[in-house]
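[1] My questions are about this predicted structure, shown below with the sequence.
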Amino acid sequence: MDTFSDDFRAGLHDLMRWRRDVRHFRTDPVDQTLLDQCLNTFTLAPSVGLSEPWRIIRVTSDAARAQAIENFKSANAKALEGYDGDKAALYASLKLSGMQEAPEHLAIYCDDSTDKGAGLGAGSMPEMRRYSVVGAITLMWLTARAQGLGVGWVSVLDPLRLNADLAIPKGWTLVAYLCLGWPRAHTLTPELETKGWEARAPALHIETR
């Protein structure tokens, strides 16, 4: 199918608008079938040289989750030290992780050492493998949102510490630590904008050369 209806295009646009980084989750579990539908979206994603370098770790044990949460708390405290005054107070008030409540934790890695794809496109730009993983995450995120689920990307982490705690193979690079579950509320406005941390640019700036 090479054409889509106006309703489909409008729905897709709405889906992208409603895709928000979620940090406030209900603790209700996510059905395994529904989780599989979201994760299987990775198989639809493009990748440089068809290398499919994404590696998904579902963090389920109490011990591993506790280590990841402590990792966040430590990294968050260190990050707070980089601010002072009103900015520090505002930072301290932000909820930057839904790790305590989210029923699903997913550590998404890029296998930089993969032979799949025979290095096509990655020889000159090896970072393309990681960009491929980000693209796949985006497709999964939209799929989750279409099912009513929310996703939160936790970037305040020590990746080397996480690698050690999860016994990650050499050659894998952390791309994203994601929380997935049922949002407590839905909003079109990013929480960082609501809290006054930063404002979205009013328009896209495009340069020509």
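    Structure's in. What do you need? Numbering: from 1, shown residues only.
[2] So in the chain, which strand runs the longest?
    Under DSSP state E, the strand in the chain containing the largest number of residues is strand 172-181.
[3] Okay, strands next: where are they in this protein?
    54-59, 104-111, 150-154, 172-181.
[4] Distance to Val134, mean neighbour count and mean pLDDT for those strands - can I get that in CSV?
    To be clear about C-beta, it is placed using only N, CA and C from the backbone, and glycine gets the same treatment. Output for these, formatted as CSV (distance: least, Cβ to Cβ, whole Å; neighbours: other Cβ atoms under 10 Å; pLDDT from 0 to 100):
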stretch, distance to Val134, mean neighbour count, mean pLDDT
strand 54-59, 10, 18, 98
strand 104-111, 9, 22, 98
strand 150-154, 10, 24, 98
strand 172-181, 6, 22, 98
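[5] how about the helices in this protein?
    For the chain, the helices defined by DSSP state H occupy 6-18, 32-39, 62-80, 85-93, 128-146, 159-166, 191-194.
[6] the inter-axis angle of the fifth one versus strand 54-59?
    What it means is helix 128-146. In terms of direction (axes from the mean of the first three to the mean of the last three Cα atoms, to 10 degrees), helix 128-146 departs from strand 54-59 by 50 degrees.
[7] As PDB, could you dump the C-alpha coordinates of the longest strand of the chain?
    Extracted in PDB, the C-alpha atoms of strand 172-181 (Å, rounded to 0.1, in the frame of the first residue of the first chain):
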ATOM      1  CA  TRP A 172      27.800  -3.900  23.600                       C
ATOM      2  CA  THR A 173      27.000  -0.200  24.200                       C
ATOM      3  CA  LEU A 174      24.100   1.000  26.200                       C
ATOM      4  CA  VAL A 175      21.700   3.100  24.100                       C
ATOM      5  CA  ALA A 176      18.700   3.400  26.400                       C
ATOM      6  CA  TYR A 177      17.300   2.300  29.700                       C
ATOM      7  CA  LEU A 178      13.500   2.300  29.300                       C
ATOM      8  CA  CYS A 179      10.600   2.100  31.700                       C
ATOM      9  CA  LEU A 180       7.400   0.800  30.200                       C
ATOM     10  CA  GLY A 181       3.900   0.600  31.700                       C
END
